[in-house]
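A.B. asks: Got a sequence here, can you build the structure:
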Amino acid sequence: MEPIAAEVVPTDEGPAEGQAVQLAGEDEDLDSEDSLTFSNGVIEKIVAISMRDVPGVIGMKGGWLNRIQDVLGASDARKGVTVEVTPDSAVRVNISVLIEYGAYAPQVFEDVKRTVVKQVTGMTGLEVAGVNLRIEDVLTPEEYAASKSEESRQDAVAEATEEDGR
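C.D. replies: Next comes the predicted model:
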């Protein structure tokens, strides 16, 4: 599948405000009212969901906003992913992950790149200019499960506290 040219357009619609990527049709010389625009949040979500299938990646690591959302009980499917639009309207993807203890990090990186390009290009037609992977932590499956259990417990406490306050 051939990547499609795109242009950056400002948007305040969709899951993420700010820039969005708009596809330029193949027949640009025709005066057409048609356009296809992707919010950065859509691309971030595609990438985050695709990380579930990458061997060695056991979780995503978000920034301070994701930590606040987690505390408030508002999980974000885009956690650990940001997208930048390059001057030539391709996308550069930044990903922060947790990998499984024993996984070979260079292979995880290659698998992440292949998966991101396949999913983003396959679903949007956009060219991926680059993938930057940051490994935030190495965890055993047991450590990861324990951290998820703790998060679930904290969510339950926050939910109960919220219900008591009503």
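
A.B. asks: Tell me where the longest strand sits in this structure.
C.D. replies: Identified as the longest strand of the chain according to DSSP state E is strand 128-139.

A.B. asks: average pLDDT across that strand?
C.D. replies: Strand 128-139 carries an average pLDDT of 96.

A.B. asks: so what does it touch, helix or strand wise?
C.D. replies: strand 91-100, helix 105-124 (3 or more Cβ pairs under 8 Å, 6 or more residues apart in numbering; DSSP states H and E). C-beta: built from backbone N, CA, C; applies to glycine.

A.B. asks: what's the closest of these to Ser32?
C.D. replies: Ser32 lies closest, by Cβ to Cβ, to one member of the helices and strands packed on strand 128-139: helix 105-124, at 19.1 Å.

A.B. asks: thinking again about what came up before, any chance of the helices and strands packed on strand 128-139 in CSV, plus mean pLDDT, distance to Ala48 and mean neighbour count?
C.D. replies: Putting the helices and strands packed on strand 128-139 into CSV (pLDDT from 0 to 100; distance: least, Cβ to Cβ, whole Å; neighbours: other Cβ atoms under 10 Å) gives the following:
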stretch, mean pLDDT, distance to Ala48, mean neighbour count
strand 91-100, 96, 8, 21
helix 105-124, 98, 10, 17
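
A.B. asks: Show me where the chain has its strands.
C.D. replies: Using DSSP E, strands in the chain cover 6-11, 18-23, 36-39, 57-60, 81-85, 91-100, 128-139.

A.B. asks: re the thing from before, direction included, what does the longest strand of the chain pair up with?
C.D. replies: With DSSP bridges as the test, strand 128-139 is paired with strand 91-100 (parallel).

A.B. asks: List the contacts of the longest strand of the chain.
C.D. replies: When contacts are defined by Cβ atoms under 8 Å, 6 or more residues apart in numbering, strand 128-139 is touched by residues 58-59, 61, 86, 88, 90-101, 103, 105, 108-109, 112-113, 116-117, 120-121, 147.

A.B. asks: what's the neighbour count on the closest residue to Thr86 other than its chain neighbours?
C.D. replies: Sequence neighbours aside, Ala129 is the residue nearest to Thr86 in space, at 4.7 Å (criterion: Cβ to Cβ, 6 or more residues apart in numbering). Neighbour count of Ala129, defined by other Cβ atoms under 10 Å: 15.

A.B. asks: what does Glu84 give?
C.D. replies: 14.

A.B. asks: Report the contact partners of it.
C.D. replies: Val91, Arg92, Asn94.

A.B. asks: again, only using 10 Å
C.D. replies: Gln19, Asn40, Ala90, Val91, Arg92, Val93, Asn94, Ala129, Gly130, Asn132 (Cβ atoms under 10 Å, 6 or more residues apart in numbering).
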